[in-house]
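[1] Okay, sequence plus prediction incoming.
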Amino acid sequence: MVDETDSGSSSIRRSSWNHPVVFTVALELAGLAVSGLVALVGWPFGWLPDTMFVGLVTGLIAIGPAAELYRRAGPPRRLAVVAALLALATVRLSVTAAVNWAFPALADPGVGILVGYLVALPIGVAVLAWFLIRANVA
């Protein structure tokens with residue numbers, strides 16, 4: 001839903017995701033819970049989900065706030081998406097390098113990538129929200 005307040009000549013549009021970063025983290029936790037349940041069901045049969053599968057499921061579940069922010073934004077939203085993707089890539093690579101450096105003995109090197117992605121997704125949404133709010137206010 002969209003709250004619209006008309007104050008004479010301009011209207012303010014607010015998304016139903018008032019705090020998109022908080023909701024992104026909450027949805028990431030829900031995605032990790034789903035992946036955990038899949039792992040618990042598959043574990044007795046010798047199957048554990050791949051880290052890329054966990055990242056994909058978590059990302060698909062957590063993308064809702066960013067998608068709604070993008071859909072509700074005004075026309076100058078390409079710069080916001082580019083900035084969000086650059087932030088996502090930069091943070092993901094930085095955190096992945098830090099995790100792989102701090103825990104070199106991990107059996108699966110994809111864990112560093114997954115942790116980097118989970119940390120970077122809310123930051124990418126925050127950058128997206130910041131740029132969209134700035135573009136729509138100006």
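    Thanks, I have the structure now.
[2] Verify the contact between residue 25 and residue 122 for me.
    Yes: using CB atoms under 8 Å, residue 25 is in contact with residue 122, at 5.3 Å. Backbone N, C-alpha and C define where each C-beta goes, glycine included.
[3] element containing the spatially most central residue of the chain, please.
    Centroid-nearest residue in the chain: residue 121, 3.0 Å away (criterion: CA atoms, centre = their mean). Per DSSP states H and E: residue 121 is located in helix 110-137.
[4] where does this protein have low pLDDT?
    Scanning the chain for pLDDT under 70 picks out 1-17, 107, 137-138.
[5] In it, what residue spans correspond to helices?
    Using DSSP state H, the helices found in the chain span residues 20-42, 51-62, 64-72, 78-102, 110-137.
[6] Any idea how far the last one is from the middle of the chain?
    Which is helix 110-137. Computed by CA atoms, centre = their mean, to the nearest Å, the chain-centroid distance of helix 110-137 equals 6 Å.
[7] what angle separates that helix from helix 78-102?
    In terms of direction (axes from the mean of the first three to the mean of the last three CA atoms, to 10 degrees), helix 110-137 departs from helix 78-102 by 160 degrees.
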